[in-house]
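Visitor: below are the sequence and a predicted model; questions follow.
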Amino acid sequence: MAHWSRFEKELELETKRLISHFTAIQDEEDQNFQMALKFTWSNFKFHRFLEANRHNVQRSINGIHEKLMVHSDLSKAESWTRLTEEFLTSPLPNTDGTKTDIHYGILALLLHLSDSPSNTNYCERPRLKETEKEDTFDWAKYLMEGEDFDPGPFPDTPEWSEEESEEDDSQQPLSREDSGIQVDRTPQEDHEQNDKTVQVTWTVGEPDSRAWLEQHIVTSYWVPNSPRFPHSLHLHSNLYNVWDQHLYNTGPLYLPEEKSFVTETQVIRETLWLFSGVKKLFIFQHNDGKVTVRNDVVVTHLTNNCLHSVLEHIAAYGQAVSRLQKFIDEVTGHSAEPCPPGLNSSSSSSKKSSEPPFRTYQAFVWALYKYFTSFKEELNAIEKDIIAKDETVTLSSVLERLSPHLAQITMLHRVFCTGVAEVPPGTPNVLRASHLLNTLYKAIIEYDSVGEASEQSVALLFSLWVETVRPYLEIVDEWIVHGHLFDPAKEFIIQRNKDVPVNHRDFWYATYTLYSVSEMVESEERLSDAASGSSGGEQTSSSRQHTMVSFLKPVLKQIIMAGKSMQLLKNLDCKETEQSDGSSRDAERKSLYTLFLESVQTRLRRGEESPTNTVTEQQATKKSLIKMQSIVARHLELDDIHDPLLAINFARLYLEQNDFHEKFSGGSVILDRSSESVTCQTFELTLRSCLYPHIERRYVECCGNLMRTLKKDYRLLGYLQAMRNYFLLEAGDTMYDFYTAIFDKVLEKESWQQLAFLNVQLQESVGQRHPEDSHRLSIFLETIDPARKKQPVNNLDGLTLSYKVPWPVDIVISSECQKIYNQVFLLLLQIKWAKYSLDTLRFSDLTVAAKRKEGGQPEENTAKESINQQIHRMFLLRVKLMHFVNSLHNYIMTRILHSTGLEFQHQVQEAKDLDQLIKIHYRYLSTIHDRCLLREKVSFVKEAIMKVLNLVLIFSDRWQAGFGAWKIESIDKMESDFKNCHMFLVTILNKAVCRGSFPHLESLAMSLMAGFEQC
């Protein structure tokens, strides 16, 4: 090991220490220790680890830069790119060239060791470069040694050059003799340059000018060991010294510390600078986003603890201001003058080349910026008062003057922390915007509930909310007016599904997605805007309460309906939307946001127009409040509750309700409620009277235009009537020709299940009376399991009628609706088949066959009587079956289809929007589906009816076969089966009618009861 280098020796020593640390084996001669040592050395020398891939490293660097830009960390992104590029282009020890594998290997190691760079608060620290040592060797003397040199008559005069004079002028230090807010250097920088300051003697000006400057210049209190300023020797002006002497005399271990003395004016000015957003201060210091107070700053007339307590209080407000100002700078891209949210943010020259924050944050920042503008105007006014010296300005007076603003800043900071800062990174913009608007909404309601004590806070929060909600209202206005949901940043709670075009039949159900957030689990939820079209707040479960933008909840359905209706209208070739003066009318139209502001201003000015009336209304309201208080107090005493304050609060709470006096006093008290501004105005009432009516008005206009267009230009009512004509057999003559042809084929024992025959017969039947529908109607035969066709009545299964509905009517009459129509159509065909089979039976067929049989047998009275008796039983059974089938047929066609159809037509005429029409149509189909006994819950009733219909077909087949083709026992079997089914249906229907659960079955139950014979 003598030939080992120093590095290898140190590596061996560190390897042994590593093995001892992990294995706890201290004896190096141990066999296990030696095995571990060999294994470690083998991995060090012959490892298989790949070298760092410079492309992957560069890709990671670019990815982090992009992530920082997305998170609006512009300064961090710029520092990251600049520092990594600077490192890659810098030489390394024992390495030739730049951007080598070693460079990328070190960066790869640092990237693996890093933990979430975007969530780290980073502030670049200035790096001091090593200065080259100045060469003090006198080369001139060394080189001129032995040479003869004539210095001239003035040997002490140095050689003059123009370059040196310019350099001397440029290096002259600037004097910090002003006390303005624009501070360019920190006290630490002044301390570093203190030794380099040139001492300038006073040689210019009059003595009076010098005296004026010496009196008005600011003492460099930020410089260590600065001269003490003169002050009074009064006891009150030396409280710090007195207290310090007292501590020194009473505390044997007390050691006085070096302090920096400042005046109260200097403390006030630094306080104002702190509130103005200045970070380079002496008394207050910024460290990692926190504002701290120097411990060595004192004033002569206050103790150290007292001053420190006041300054800590000021620092807390300063930290809130700094945090809000930092947020403003991040959103505006550190621009000097933020632009209003309505302007194009890319026009700002100071904008970085990153995607700007979404518009809701921009609007919120614009509102904050306007507030801080007024706040800084107040700070400037205070500083002007200090400069004027017309009155004494103390720190306590300044804080008292600023106390309303400081309370508002605290409130704004709390709203910012809850609505912006506490939102986890990576949250979608829609949840960020919703959470911010909800936070402002809840804050307004919370402060508004306090009453008159928080009027200024409510006014500020309301103005902040009005500015922040502007992008949302602009998105709503663009959607419900032009049918275009313009939301590039995806901050609106309703998102457009671009995969579904407007002319698709699923447009109304799958085009938009409503987003909400669960407050309990803080996770994103999607509520699909399904058939109801109003999935606002009704589709929430009881265990997880979903919230969205709270102020839009009451009108969310109207917004969705108006937006979808307008988008559908824009894509329809209708006359109402193609107006030549559409653009001019749109230019004259006021936006939803403008209408909302005008309504708010009108509401707020309502009580300011006539002060006399306001006083009279206040007096009337005060009297009414006293009366209501007495009423509530009497009701509380009934429950042994004696709380006058509770009675007052209840009286104020119910003052806005119309039915309060009717409930509690029986209408004996008459209250003049002509002015609502007398009592505490709730935020919900403002929205209800200023915002919601404009949305409701636009909803009625959009949906009304769409309904008129669909009914007039697209024959919606005609298509609905066509569905009832053909599927529900309301066009009796047309459909009679169609289905009787099928029934005749069945009676003649011919094959009817041929698609060509069915379509030809359907086209002939429809083309004679309704030629406009002949190309839309078609019929199909679906393959049915043979096991389901055991009974004759099931032979019609698989017969499916189809009606081609054009767009956009297919939004209402969908394929799912046609399936329900087909189920009712099949049931009606089965009933019609049974009725037609009984109606076509002739008595002569049975009597002729009986006479033929009698002629072939010898004359016997008993045999003749037996044949006549059987014929009579067949006649009676046919009448009973006809009564049953006719009762069922009349119930379905009149009590169900006809009456329900009349109700449906009336509801269609009164439908206000397309979603309501879709609901009415679905409800109509559901009603006839249930009342036709097609629901799974009453399947046993349908099975009994099908048995009777099947029995009718068997009876008709035997009747047509003639007398003698069946045995007498078959008559007994048919009579017994019919009697059992009849008795079962009568019993079930009577019980249902008695319970009142199925009132529509009463007519069918009474009709079947009339034909039921008691045994």
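Guide: Structure's in. What do you need?

Visitor: in the stretch 601-750 of the chain, where is pLDDT below threshold?
Guide: 606-681 (pLDDT under 70).

Visitor: again, only using 80
Guide: Residues of the stretch 601-750 of the chain meeting the criterion pLDDT under 80: 603-686, 748-749.

Visitor: same thing with the stretch 801-950 of the chain?
Guide: Residue ranges of the stretch 801-950 of the chain with pLDDT under 80: 841-871, 873-874, 936-939.

Visitor: which residues sit against stretch 298-314?
Guide: 231, 236-241, 243, 259-264, 267, 271, 274, 283-284, 293, 295, 297, 395, 399 (Cβ atoms under 8 Å, 6 or more residues apart in numbering). Backbone N, C-alpha and C define where each C-beta goes, glycine included.

Visitor: doesn't residue 802 belong to a helix?
Guide: No. The assignment for residue 802, made by DSSP: H, G, I helix; E, B strand; the rest coil, is strand rather than a helix.

Visitor: show me what it is bridged to.
Guide: Beta bridges link residue 802 to residue 778, judged by DSSP bridges.

Visitor: residue 780: what secondary structure?
Guide: Taken by three-state DSSP, the conformation at residue 780 corresponds to strand.

Visitor: correct me, but it touches residue 802?
Guide: Yes. Contact criterion Cβ atoms under 8 Å: residue 780 and residue 802 qualify, at 6.2 Å.

Visitor: and the end-to-end length of stretch 769-778?
Guide: End-to-end distance of stretch 769-778 (Cα to Cα, to the nearest Å): 16 Å.

Visitor: picking that back up, which of the contacts of stretch 298-314 are buried?
Guide: For the contacts of stretch 298-314, a neighbour count by 16 or more other Cβ atoms under 10 Å gives the buried set as 238-240, 260-264, 267, 271, 274, 283-284, 293, 297, 395, 399.

Visitor: all helices for the stretch 51-200 of the chain, in order.
Guide: 54-70, 74-88, 101-113, 139-143, 162-170, 187-192 (DSSP state H, counting those that start in this stretch).

Visitor: make a markdown table out of those helices and add mean pLDDT.
Guide: Converted to a markdown table, the helices of the stretch 51-200 of the chain look like this (pLDDT from 0 to 100):
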| stretch | mean pLDDT |
| --- | --- |
| helix 54-70 | 86 |
| helix 74-88 | 86 |
| helix 101-113 | 84 |
| helix 139-143 | 72 |
| helix 162-170 | 45 |
| helix 187-192 | 44 |
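
Visitor: closest to residue 34 out of those?
Guide: helix 101-113 (30.6 Å; Cβ to Cβ).

Visitor: what about the closest one, distance to the chain center?
Guide: The chain centroid and the centroid of helix 101-113 are separated by 41 Å, computed with Cα atoms, centre = their mean, to the nearest Å.

Visitor: check which helices and strands that helix sits against.
Guide: helix 54-70, helix 74-88 (3 or more Cβ pairs under 8 Å, 6 or more residues apart in numbering; DSSP states H and E).

Visitor: how is the protein carved up into domains?
Guide: Per the record, the chain has its domains at 6-46, 235-335+357-422, 714-851+863-1014, by the TED database.

Visitor: now the helices for the stretch 451-600 of the chain?
Guide: 455-468, 470-482, 507-510, 556-570, 582-588, 592-604.

Visitor: which among those is found nearest to residue 838?
Guide: Among the helices of the stretch 451-600 of the chain, helix 507-510 sits nearest to residue 838 (Cβ to Cβ), with 44.9 Å.

Visitor: CA atoms only for the closest one, dumped as PDB, please.
Guide: Extracted C-alpha coordinates of helix 507-510, given in PDB (Å, rounded to 0.1, in the frame of the first residue of the first chain):
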ATOM      1  CA  PHE A 507     -75.400  18.300 -27.400                       C
ATOM      2  CA  TRP A 508     -77.900  19.100 -24.700                       C
ATOM      3  CA  TYR A 509     -76.700  16.500 -22.300                       C
ATOM      4  CA  ALA A 510     -72.900  16.100 -22.700                       C
END
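
Visitor: can you list the buried residues in it?
Guide: 507, 508, 509.

Visitor: check the offset of it from the chain's centre.
Guide: 19 Å.

Visitor: now do that helix: which elements does it pack against?
Guide: helix 556-570, helix 914-931.

Visitor: mind putting these in TSV, mean neighbour count and distance to residue 889 included?
Guide: Listed next are the helices and strands packed on helix 507-510 as TSV, based on neighbours: other Cβ atoms under 10 Å; distance: least, Cβ to Cβ, whole Å:
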stretch	mean neighbour count	distance to residue 889
helix 556-570	23	41
helix 914-931	19	14
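
Visitor: export those helices to CSV and tack on distance to residue 755?
Guide: Formatted as CSV, the helices and strands packed on helix 507-510 follow (distance: least, Cβ to Cβ, whole Å):
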stretch, distance to residue 755
helix 556-570, 36
helix 914-931, 27
